[in-house]
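Colleague: Give me coordinates for this.
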Amino acid sequence: MKPPPGAIEALLAGRHNDPFALLGTHAGPKGTFARALVPGAETLKAHSLSGELLGTLDRVDARGLFEGLIDGDPQPLRYHARAGQAEWSVTDPYTFGPVLGPVDDLLMAEGTHFRLHDKLGAHLIDHEGASGVHFAVWAPNAERVSVVGDFNDWDGKRHLMRRRTDVGVWEIFIPDLGAGRHYKFEIIGPQGQLQPLKADPYAFASELRPHTASVTAAPLNHEWGDGEHRAHWAKVDPRRVPISIYEVHAGSWERDEAGWFFTWDALADRLIPYVAEMGFTHIEFLPISEHPYDPSWGYQTTGLYAPSARFGDIEGFARFVDGAHRAGIGVLLDWVPAHFPTDAHGLARFDGTALYEHDDPRLGYHPDWNTAIYNFGRREVSAFLVNNALFWAERYHVDGLRVDAVASMLYRDYSRKAGEWIPNPEGGRENWEAASFLQSMNRAVYGAHPGFFTVAEESTAWPGVTHPAHDGGLGFGFKWNMGFMHDTLKYMAREPVHRPHHHNDITFGLVYAFSENYVLPLSHDEVVHGKGSLLTKMSGDDWQQFANLRAFYALMWGYPGKKLLFMGQEFAQRREWSEDRALDWELCHSTAHEGVRKLVRDLNRLYREKPALHARDCEPEGFEWLVADDAENSVFVWLRKAPGARPIAVVCNMTPVARAPYRLPLPHAGLWREILNSDAHDYWGSGLGNLGGVVAADGFAMVTLPPLATIMFEYEEQQIAG
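Modeller: From the prediction side, this is the model:
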């Protein structure tokens, strides 16, 4: 088999883009011809995989090139090599056929392949009688792609890949490899320039930073025991069940004695029981995908498919999710499809061109974060991200994704000045490609995984964020209510003497509270970058700050919408959060801090037990103002209700003045039991209250309002007066 002029020299130099045309076995007029490249070998004998000797190849180049005729038809070969006294065997990857097929090509070309995580990346498989790893990567503009790693001395001339021309995917099956091998891709770009070694975009595992190689990983062998949990969520409407989320940064919730990160197993032993005892329904992790820089908190990820090596192996994360589910706790992940870092080993200019990002910085560069923006209009990029959402739901059974920075995706002029952005074809600022991608993602995950839900961090008035995609909405299950967070924190920071002039900071949110399905977020974003902790945001002296915080939490748990609280704020951490250290758990020995923790625990219990507080969180029929206009006294009163449930009156006194008696309008005559008082002694309050309840008659009851406190009264239907 005579190759074209110069082809062999290009192959030996590592420049040939079709090594399978030159190497391997080929049928010819004189029989089966074999050509192999085995650097360092002096003699080479060809065997079948079963061990049968098929022939001896001649060395035709001292750099390790052998060729000759062998017995039998073209088939996978294992060579026995000798050099001096050294002997070794090597199975030739160029004697194996492709793994991907025409259906894969068609679906990838269409951007409709929703099993890409089974096809691209590195997969341990059996292929044509051998076990090994199949590598595949999308690099359509590359002249040549090799897989390099600790199995070939990181030499790009050793394992040049086969190009699937129609879709720009390169693949190779390397026999006799297993799990735990470090690898990257060596890419020569379209102008012949050698790119920095690239990590695998679909890698399932990665090295611990500061190292950046991808790691071959075996399929999960975890035996899941969470069927009951998943079946429950598959049959409920999440809008009408309690959802109270504990937001966690896995690297700083707690640390081990050496100050290092807990493994997933150690974290499970401590975090899951704590969250269960506190009554939260879900844990939401800041991004756990592999990322190179700790202070990014995971929001600048370079390995969307790989749980970070900081916390141990990938099996450990599966065990954590399963353990949480068995304890009745869901697991949500922060997910970042908006942008990616420009680290040399990552996605940036992956094949020498702007492949995953836009080439024009007015579209492809994010000025706030010094990152690249995904090209959502490119079907392969959209498919990469949609597949990632499906991957976490399928592979690790996560219950949902909180999608970060949605507002930055939806607007072309986000954080840009005039002249720094490009309008859409209609001349507007909307990024319709991003909106279409988000719709596709939501359709895919909701269609494939009943019980899974998505949450948008979206801070603008984009219409229909939580409306169905088929009806023109973006298709999210929930949206963060950033307006609630901003308005209420601004109000709570004011001295009580000024609050009467800002009464609408609390009341205004109810104008739009049911326009979307909302989560009320008190997130990590509110306790970093000089903002202080939630406790230090409260006005007043130390006692008043604690009282304000307790009153605020009780207001929030009584307000329509699902709940989210960042770790440490449940016990009123004083210091601003830092990813560098564990939370200040010693504060829980203080009566004041422990009082706040007890209150949050009791609020979660009430919220879960009382349908009036959760069953109509997202619907106007679940809310009714009773007192909205008492600005002079800074008092707010509303009713929470649901079909078949006892109504609950939520009463907030946002001044340090106790008010007794206060004429409280109540819609039903009879006993209203006091089920929560944020001023109770057990929470480090003054202990002022209503001795267990009040009796309403003629449409009102005379009650005592403790200072800087929120109380809740539940109507006792069976004890109607008269």
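Colleague: C-alpha from now on. contacts and neighbour counts both.
Modeller: Fine.
Colleague: Sketch out the low-pLDDT regions of this protein for me.
Modeller: Along the chain, the parts satisfying pLDDT under 70 run over 1, 718-722.
Colleague: Quick check: buried residues in the biggest helix by length in it?
Modeller: When the chain is parsed with DSSP state H, its longest helix is helix 591-609. Neighbour-count burial for helix 591-609 flags 592-604, 606-608 (criterion: 16 or more other Cα atoms under 10 Å).
Colleague: Stretch 73-88 now?
Modeller: Pro74, Gln75, Pro76, Leu77, Arg78, Tyr79, His80, Ala81, Arg82.
Colleague: Taking the residues you listed, tell me the two that lie furthest apart.
Modeller: Using Cα to Cα, the buried residues of stretch 73-88 span at most 23.3 Å, a distance reached by Pro74 and Arg82.
Colleague: Determine the three-state secondary structure at the closest residue to Ile70 other than its chain neighbours.
Modeller: Leaving aside its sequence neighbours, Ile70 sits nearest to Gly55 (Cα to Cα, 6 or more residues apart in numbering; 4.8 Å). Classification of Gly55 using DSSP: H, G, I helix; E, B strand; the rest coil returns strand.
Colleague: Who is Gly55 paired with across the strands?
Modeller: Note on Gly55: beta-bridge partners by DSSP bridges are Ala46.
Colleague: and it, what does it touch?
Modeller: The contact partners of Gly55, by Cα atoms under 8 Å, 6 or more residues apart in numbering, come to Lys45, Ala46, His47, Leu69, Ile70, Asp71.
Colleague: correct me, but the fifth one touches Gly31?
Modeller: Yes - under the criterion of Cα atoms under 8 Å, Ile70 makes contact with Gly31 at 7.4 Å.
Colleague: Return the distance of Arg616 relative to Arg640.
Modeller: 8 Å (Cα to Cα, to the nearest Å).
Colleague: shared neighbours of the two, anything?
Modeller: Taking Cα under 8 Å, 6+ apart as the criterion, Arg616 and Arg640 both touch Pro560, Gly622, Phe623.
Colleague: among those, who's most crowded?
Modeller: Greatest neighbour count in the shared contacts of Arg616 and Arg640, by other Cα atoms under 10 Å, goes to Pro560: 27 neighbours.
Colleague: what's downstream of the longest helix of the chain, the next helix or strand?
Modeller: Going down the chain from helix 591-609, the next helix or strand is helix 611-614, by DSSP states H and E.
Colleague: Which strands or helices does that next one pack on?
Modeller: Helix 611-614 sits against helix 591-609, with contacts defined as 3 or more Cα pairs under 8 Å, 6 or more residues apart in numbering; DSSP states H and E.
Colleague: Grab the nearest non-local neighbour of Gly595.
Modeller: Per Cα to Cα, 6+ apart, closest to Gly595 is Tyr683, 3.7 Å.
Colleague: quick one: the one you found and Asp602 touch, right?
Modeller: No - the pair Tyr683 and Asp602 does not pass the contact test of Cα under 8 Å, sitting 10.2 Å apart.
Colleague: and of the buried residues of helix 591-609, the nearest to Trp253?
Modeller: Arg597 (15.4 Å).
Colleague: what's the closest non-adjacent residue to the closest one?
Modeller: Among residues not flanking Arg597 along the chain, Phe571 sits closest, at 4.5 Å (Cα to Cα, 6+ apart).
Colleague: any idea how far that neighbour lies from His589?
Modeller: 10 Å.
Colleague: more neighbours, those two?
Modeller: The neighbour comparison of Phe571 against His589 (other Cα under 10 Å) goes to Phe571, with 22 against 9.
Colleague: isn't the more buried one right next to Cys588, touching?
Modeller: Yes - judged on Cα under 8 Å, Phe571 makes contact with Cys588 at a distance of 6.7 Å.
Colleague: Overlap in contacts, these two.
Modeller: Both Phe571 and Cys588 are contacted by Glu594, Arg597, under the criterion Cα under 8 Å, 6+ apart.
Colleague: element containing Ala318?
Modeller: Ala318 belongs to helix 314-326, assigned by DSSP H and E.
Colleague: burial measure for Val60, as a count.
Modeller: Neighbour count for Val60, taken as other Cα under 10 Å: 12.
Colleague: which ones are touching it?
Modeller: Counting by Cα under 8 Å, 6+ apart, Val60 has contacts Phe66, Glu67.
Colleague: In a strand, it, correct?
Modeller: Yes - Val60: assigned to a strand according to three-state DSSP.
Colleague: how close does it sit to Ala36?
Modeller: For Val60, the distance to Ala36 - Cα to Cα - is 10 Å.
Colleague: Mutual contacts of these two, please.
Modeller: Listed as contacting both Val60 and Ala36 by Cα under 8 Å, 6+ apart are Phe66, Glu67.
Colleague: The next helix or strand after the helix holding Ala318 to helix 314-326, inter-axis angle?
Modeller: Following helix 314-326 in sequence order, the next helix or strand is strand 330-335 (DSSP H and E). Interaxial angle of strand 330-335 relative to helix 314-326 (axes from the mean of the first three to the mean of the last three Cα atoms, to 10 degrees): 130 degrees.
Colleague: Name the residues that touch whichever helix or strand comes after strand 330-335?
Modeller: For strand 330-335, the following helix or strand on the C-terminal side (DSSP H and E) is strand 339-340. Contacting residues not belonging to strand 339-340 are listed as Gln300, Thr301, Thr302, Leu347, His366, Thr371, Ala372, Ile373, Tyr374 [Cα under 8 Å, 6+ apart].
Colleague: and what of stretch 146-159?
Modeller: 11-15, 37, 135, 160-161, 172, 181-187.
Colleague: follow-up on the earlier one: between Ile70 and Gly31, which one's more packed in?
Modeller: Each of Ile70 and Gly31 has its neighbours counted (other Cα under 10 Å); Ile70 has more, 20 against 14.
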